[in-house]
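> coordinates only, sequence not included:
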């Protein structure tokens, strides 16, 4: 059984907010055709691709959440 061996790279915390938002938009845009193929045409392979893309989106969201928390905590520490 093969596993996904791709390593996810995280951008440094200095990434501009618009950069992260652009990444989010790119992820969502890339899913659009598979969503249509699955929901409109019933293409089961497209459904698998949608599920995989949603898992990738979930991982991206978790990374952004962690960055936001880190930046927030750094701001708190600097204020003290």
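Okay, I see it. Predicted model only: the values in this text are computed from it and were never measured.
> which SSE is residue 69 in?
Element membership for residue 69 (DSSP states H and E) is helix 44-79.
> against which helices or strands is that helix packed?
With contacts defined as 3 or more CB pairs under 8 Å, 6 or more residues apart in numbering; DSSP states H and E, the packing partners of helix 44-79 are helix 17-41. In short, each C-beta sits where N, CA and C put it, glycine included.
> for the spatially most central residue of the chain, give its distance to residue 23.
Residue closest to the average C-alpha location in the chain (CA atoms, centre = their mean): residue 60, at 2.8 Å. According to CB to CB, to the nearest Å, residue 60 stands 7 Å off from residue 23.
> same check, this time on residue 68
14 Å.
> try residue 31
On the measure of CB to CB, residue 31 and residue 23 end up 13 Å apart.
> ok, residue 65 next?
With distances taken as CB to CB, residue 65 is found 14 Å from residue 23.
> same drill for the two, tell me which one is more crowded.
Per other CB atoms under 10 Å, whichever of residue 65 and residue 23 has more neighbours is residue 23, with 15 against 10.
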